[in-house]
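Chemist: need a structure here:
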Amino acid sequence: MTCYSGRVEIILTATDFVSGVSSTYFSLNNHSFERYTKPFFVDHEGNHTLSWFSVDKVGNRELQQEKKFMVIQNGD
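Modeler: I've put the predicted structure just below:
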């Protein structure tokens, strides 16, 4: 598990050279998936799980991916 100090910016990118990417969806800490439209920050201390997947323009969905990480605050 990767550990970050302070605020973490989440940036998701997807590429499909055949039909193109239609949408990317993400879930933080097992909440409902929502459409990703712009970078966002995670600054709540503790363990987190980010899940995501993309769908191409003909409806093919990639396998869901997941990254576990921890945020700690340095106490400044």
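
Chemist: How about residues contacting the longest strand seen in the chain?
Modeler: Residue-count comparison of every strand in the chain, with assignments taken from DSSP state E, identifies strand 46-56 as the longest. The contact list for strand 46-56 (C-beta atoms under 8 Å, 6 or more residues apart in numbering) reads 1, 10, 12, 14, 16, 18-30, 33, 36, 42, 61-71. Every C-beta, even on glycine, is put in place using the N, C-alpha and C of the backbone.

Chemist: for Arg35, which residues make a bridge with it?
Modeler: According to DSSP bridges, the residues that bridge with Arg35 are Tyr25.

Chemist: Give me the pLDDT for it.
Modeler: The pLDDT attached to Arg35 in the predicted structure is 98.

Chemist: Test my guess that it contacts Ser27.
Modeler: No - at 11.2 Å, Arg35 does not count as touching Ser27 under the criterion of C-beta atoms under 8 Å.

Chemist: Those two - which one has more neighbours?
Modeler: Using other C-beta atoms under 10 Å, the more surrounded residue of Arg35 and Ser27 is Ser27, with 16 against 8.

Chemist: shaky segments in this structure?
Modeler: Segments of the chain classed as low confidence (criterion: pLDDT under 70) are 75-76.

Chemist: Strands of the protein, residue ranges please.
Modeler: Secondary structure of the chain, counting by DSSP E: strands at 2-5, 8-10, 21-28, 34-35, 40-42, 46-56, 65-72.

Chemist: Which elements pack onto the fourth one?
Modeler: Which is strand 34-35. The helices and strands touching strand 34-35, judged by 3 or more C-beta pairs under 8 Å, 6 or more residues apart in numbering; DSSP states H and E, are strand 21-28.

Chemist: now the strand it packs on, how far from the chain's geometric center?
Modeler: Its chain's average C-alpha position is 8 Å from that of strand 21-28, according to C-alpha atoms, centre = their mean, to the nearest Å.
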